[in-house]
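A.B. asks: Structural data only, the sequence is not supplied:
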Ligand SMILES: [Mn+2]
Ligand SMILES: [Mn+2]
């Protein structure tokens, strides 16, 4: 094989690579679009009237996750199964966002932390690398941290909406989550930076609980709204 | 044509170009000066006494926008209409700032979001690219984001000034704005980065509303000022 | 118009814009591909055997410029004519490269400097800004500087190929070019920096001529190749 | 004059120059040392107990400024008066820092902004360029901006120390300062960039005032410390 | 004096300063233009026929230096004499270039090194810092180094032009210059870096002399040109 | 020990460090001065008449090395013996230069390569790290490479001076040196870069020998000069 | 050609070649050692970082002792690595290899000073750190680990390493980041004493660095900005605690009795 | 206070804590593997570099074979390290750890392609390189080196690694620098065939990279400038050889007879 033939072949594989990336980018864009729609849906929770119809919002979000599944199913056909990490950068951001959204929905429904396996199921992908297109653990954790930050906002806004019991439950929940994260040895990367933010979310929620308790509001039965 | 004749001709074009830029720079400087004056005027809103005479401040600002119109009218005479984007960098910063100021004035007057068309009218330029010297969409959006950040400051300071109802209205408004932005599919550029800042403004305002509501202050009739 | 309606309209414009850019990018990619092919073709000139068939190589290159014309013709259909500078960054690099290649071909054919008008014609675009899709002066000059640097390589390799008369002609040519550039009042930008490199090319070619003349080789009839 | 004689003469001038710089550097080092001591002294203000003895700290700082005067007096003997800008880079940093420190002391004493003339007097130098070793305007402004940033820290820590009235006074003061800066037409240089930071200080202080006012603390007589 | 009055005064000074800089920039641009013209004139020396009429070229260059004098005379009226180093950066580049050109002319005329005093006279400025607008030593040296590099080009091209005796004289001259520079104790700055380049010029010229001597050409009476 | 006491102690050790460095810098400056003088002395070798009195030049250089010894003896008293590498950067450049100069002298005297031990002795320092202030192997090698580059210049200039046998001897010598260096595994640092230069020196000398041999000059007894 | 063969006659046994062969050996030995030290430094960094994470898991008295013990075990392991570094540097000028080991040593300083602060609420001194970096052969785990087998006549040997003042400073500068994290966590855990204590301590360190200013090397000055930000975060946290602690909700006195005790508790914490 | 103790009730045995413990294990395992691969990559880099230095010592036929053999031994050792990499990556997605091993693999490509060029005067293909990176357990040195002791049932195992096209390209780009060095050395050693051959070869590689242009990743385009400079150096060297070879010193014909043969020799080299 001559040198120029070799380079033609190399150029060939480079352009295949670019085509794959282009295909991936397109699917990822539709995923981002769906994710933005789910987000807009769930953002309604924070606003005055929003607290009443949380279950309805969750149900609607669940429907959207159906589209997500289809889009992710399409995504995994775009590249060889054993080259997940070759193209990882393209979808890691949107996947983290979807984890956040799934965790938020599950929390609103059951006040529990969605497991990695459960998210994977919601998204229609694998939890386990060996089995195919999966959810990387760092992406899962990163999404959970975004969700934690949303919880501190939820605590604040539920007080505004007159629901005084929710912040306490959130406090218990986020404390357990914090204990979980403390078990991890993170590298100095973006996950570490986001984990540092968790402390501020915990702090904020603690402040809300404090505000309620010095006013004796923590013992009231929630007067207004709340879906429970 | 000899080489040197050719280069003499080229130099001719180059120096015309440099003169145009010089002219543009001068007009832009006067625009910046006027923008700073409007800003100083509107900053007064944040200070104690400022809440009383918002309408007067707005009216004064409107007068300044008259000068802006004249200056922009002068600016568009400095270069051929179809080379807007050739020189765009020179005025884009000041135009964004003027959008922010116009949006602020309009909000203070009517608590509504100024449209691109309305800003264009205030500035005496076109909203529509085809019609001539216009307001680029991204510059409009960028100015709106600066304005959103000013709103969170306004929420804080209106509480200090004893106006407890305004923050709630601001909160509703900025949530709507946030939903609007979520409809956009922004690329990974400076606009996207600035938009990422919006969520902090939203959160800050929610916390102000929280502070009021946990103290029952949202139910009080605002004791001091407020133009409504 | 509600806020969300307004943003939907804005998103409409933004996505038109993104589509235009996407279209432009695609055409530019094919242009780059063609430019690379012409470059690979012309690089053959530097090889020993290459000096014999310069005319053939030039002819082939001319054929490729046919494709370039078609591609550029397609490019200009992708956006309104008065937005040239809005999207200029997309094609400026490839256009500079095409100027270099056209200048190289013309030089190999006739040992003259291609004018801006002539390049424009080769590329099937306008030399005059007013007339439509044109060749920006700075892009023209930038391409010419790349070409000048190629000339110093040509001087060296023509000697290696046994053509002893060419370097002297190149030397005269590049001196004229250098004088031409000295007529320009360049700002301290990238073009200025690139122009500073020209003096090294001039010097290098002078040294080649020196090497030949001190050995009396400039007086010999060139023994090997050379198309003249 | 032979070439070597000429170069010996040149070396003579060069080494005089180098000696001057060496001398300047030495004095500047002692100035930096004194400035660091004043800084360490004034930083004590931020500590709980520190708020009680602000007057004592200011008095001590004033004594240190005596040394500064002597050192600056020595500095100006090191070079001809008309070469101020030749060596400006050597002392500009420390001078900015001294401006900050003087402004801080004056503010702690009288809650006013030190003028350029007053700083010059504290430092024993001229405010007026024509009169000799003076304080450059940009250095003055730069020092004032550092001081503004220290004020936001002071507002926070005075609350922690139980002084609830000071933040309001600081807020009024920094707003005035901000308006002042808006009168300046700064170029796009480091000063402009630093000025952009001022708005964060303004905002931070407004939030402190907000925190106090929403809790009704701004109306209390300050319980702990405060020198007033 | 109120804060705003103070800042208005400051702005007054700042804008005086900006106007001065604008004025200086304009004069410097015309200086650059003249310098480019002299350069073009002298570049002719390197080309074939150029060696014949060196004296004429020098005379013409001398005339251009008349314009330079006028322009520099205008430059020094633009700012107070004791602020030379405040604005030094604006003209230092063009002044270095003029030193180079003056040194080249003087060398072509007399094969001697122009002294700093002599350059100053040619430019119509002072050699002595105390006396007013002067030629900074480092700028003088920097210009001389540019000139040295031009000499190596001259040596090469004089051989091409058939003048075999000049390189030897250049070699002696540059060796003396090199020894001169070795008397200087340069700091690790840009001048030092440029001086490091001198040794390549020395070496290049020695190689030219070598080329001549191994071919016995140094003993020939120069056949072509040479003004001596 | 309180925190502030600790920092005072740390600051103490930092300023001791700075003082040591200042002392070192001073001695190094005198060393550089001496090195420059030796260099000027030895540069004479390259010029026409210089070849006659090489022995005298070497003797004079030897005397200067006496001063070097004294200065280096002073240098080693400036810091603790076991912290050589802490301050290495300060003197490594001048030491490399001195190695070059010593190697050049020794070569001119005996046409042999000075050993590391021999250089150390000439400089009055140790070859062995354990014994005290020593010559680092990389500095030794770096100096030798500078010397090699000087040899190629010597080969060129000895031809000019009419000494045709020296280049051949230099060729043999540098070939052996090159073989030596090829044994080394260098890191990608400055030594590696300098070693890459050796190839060009070898090449240049080979070219001189070629020039001589095609003219049959390699068999002549050197007609002019040469100290042998 | 003939000339090429000539070159071969540069016999590989000439004096020059012999000395260059020794240079080869010397350089390779040096580079190999450098490389081994880089690897050790990476190990030290990683394990130190993990120790810091471990220490952040302290939230209450029950697990406090346990974690402190565990951190001691981890730091002992790190010190064993440092011992290997010290062994590599026996008879060497440590500054020659300083760049290889400096990152690891800084991280160790950070970890060990963090542990020390948690235990004693004070700053460990450089001397204290260095005291723990003197190693003797007698330690039991030595016998198996030493690469050289004839450890017999070396039994009296000791190895030691001193962190430089600059490494110490850089480690302490990074410590402040960990202290800031500890502070924010404390607020989140309802612990309101620690933040005030930490702000005092951090201010002392900040004042110390201010005092040093730019007289140290550039790397130290470079950390000042982050240090200032950490201090600001801690000061803000204290500010928030103070402000909210000052609030007596006059307008809403429900259930005062039951929360009174709790509030008294808090007030104490602030004084 | 009471609240603090509440937090302890987040029992360490909750489902959440159990899964986070497994996350800790997973992350630590991943990071440890990454770190081991970084170390292996460094080893591969260093030994590859030394192989390149060794190959530059080839100057003539006598030592040629010897050096080639020695380089083969060295490269075998490097491949043993790569085998360890391959073992670490068994069952993994190699792209997950690519950043750790890429520098080493690039340097190996550089070394092995340099050796290949010296042997065959042609460019080794990526396929050829990868063929040598398939390892089986049967190799004799295996039995001692394998960390896992129960190698019994693994005997049929093979491990392999593929360098990516980009790693291959980056290695080849660096190869051109070595070829340039080889060219200049050749001139210095009086070998005038090699430079012309090298210039042909380098031009082909250069044309290849030009053809790829900016369609590859940024790292590839970044090397184009250096590559162009290397080519210019080689072309300049050939130019000089040609110019000086063209010179028949008409004015000085002494001793023509004895040098004639030598000159004819040179002319041939040029044609
Ligand atoms: Mn840390
Ligand atoms: Mn390499």
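C.D. replies: Arrived safely, thanks for sending. Keep in mind the model is a prediction, meaning the values are calculated, not measured. Ligands and ions are numbered 1, 2, ... in the order given.
A.B. asks: Low-confidence bits of chain A, can you list those?
C.D. replies: Applying pLDDT under 70 to chain A flags the ranges A:220-228.
A.B. asks: Can you name the residue of it nearest to chain C?
C.D. replies: Nearest residue of chain A to chain C (Cβ to the nearest Cβ) works out as residue A:4 at 8.6 Å. Backbone N, C-alpha and C define where each C-beta goes, glycine included.
A.B. asks: and the closest residue to chain B within the stretch 1-150 of chain G, what pLDDT?
C.D. replies: Relative to chain B, the nearest point of the stretch 1-150 of chain G is residue G:56 (26.0 Å; Cβ to the nearest Cβ). Looking at residue G:56, its pLDDT is 96.
A.B. asks: Counting neighbours, what do you get for it?
C.D. replies: By other Cβ atoms under 10 Å in any protein chain shown, the residues close to residue G:56 number 18.
A.B. asks: So the closest residue to it other than its chain neighbours versus chain B, what's the distance?
C.D. replies: Once flanking residues are discounted, residue G:56 sits nearest to residue A:182: 6.0 Å by Cβ to Cβ, 6 or more residues apart in numbering or on different chains. According to Cβ to the nearest Cβ, to the nearest Å, residue A:182 stands 25 Å off from chain B.
A.B. asks: Neighbours of residue A:182, how many?
C.D. replies: Neighbours of residue A:182 under the rule other Cβ under 10 Å: 18.
A.B. asks: Let me know whether it touches residue G:54 as I believe.
C.D. replies: No. Assessed by Cβ atoms under 8 Å, residue A:182 is found out of contact with residue G:54, at 9.2 Å.
A.B. asks: Which neighbouring residues are in contact with the residue of the stretch 1-150 of chain G closest to chain B, exactly?
C.D. replies: Counting by Cβ atoms under 8 Å, 6 or more residues apart in numbering or on different chains, residue G:56 touches A:182, G:178, G:181, G:182, G:185.
A.B. asks: so the spatially most central residue of chain A is in which element?
C.D. replies: Geometric centre of chain A, nearest residue: residue A:100, 1.4 Å, by Cα atoms, centre = their mean. Using DSSP states H and E, residue A:100 sits in helix A:88-110.
A.B. asks: Neighbours of residue 88, how many?
C.D. replies: No chain in the question, so chain A it is. 15.
A.B. asks: ah, I was thinking of chain G
C.D. replies: Residues near residue G:88, counting by other Cβ under 10 Å: 19.
A.B. asks: cool, and residue G:160?
C.D. replies: Neighbours of residue G:160 (other Cβ under 10 Å): 16.
A.B. asks: ok, the spatially closest residue to residue A:125 that is not a sequence neighbour - how many residues close by?
C.D. replies: Computed as Cβ to Cβ, 6+ apart, the closest residue to residue A:125 that is not its neighbour in sequence is residue A:133, at 5.1 Å. Other residues lying near residue A:133 total 19 when counted by other Cβ under 10 Å.
A.B. asks: before we move on, what about residue A:23?
C.D. replies: What residue A:23 shows, counting by other Cβ under 10 Å, is a neighbour count of 17.
A.B. asks: Now it. Nearest residue, chain neighbours left out?
C.D. replies: residue A:78 (4.6 Å).
A.B. asks: Please apply the same query to residue A:18.
C.D. replies: That would be residue H:215: by Cβ to Cβ, 6+ apart, it lies 6.8 Å from residue A:18.
A.B. asks: wait, doesn't that neighbour sit right on residue A:13?
C.D. replies: No. Between residue H:215 and residue A:13 there is no contact under Cβ under 8 Å: 10.7 Å.
A.B. asks: follow-up on the earlier one: which residues does the residue nearest to residue A:23 contact?
C.D. replies: Applying Cβ under 8 Å, 6+ apart to residue A:78 gives the contacts A:20, A:23, A:24, A:27.
A.B. asks: Enumerate the residues of chain A near chain G.
C.D. replies: A:175, A:178-179, A:182-186, A:196, A:199-200, A:202-203, A:205-207, A:210-211, A:213-217, A:219 (Cβ under 8 Å from any Cβ of the partner chain).
A.B. asks: Flag every buried residue along stretch G:214-225.
C.D. replies: Under the neighbour-count criterion of 16 or more other Cβ atoms under 10 Å in any protein chain shown, stretch G:214-225 has G:215, G:216, G:220, G:223, G:224 buried.
A.B. asks: next one: stretch A:124-131
C.D. replies: A:124, A:125, A:126, A:127, A:129.
A.B. asks: from these, which two are the most distant?
C.D. replies: The distance between the two most remote of those (Cβ to Cβ) is 16.1 Å, for A:124 and A:129.
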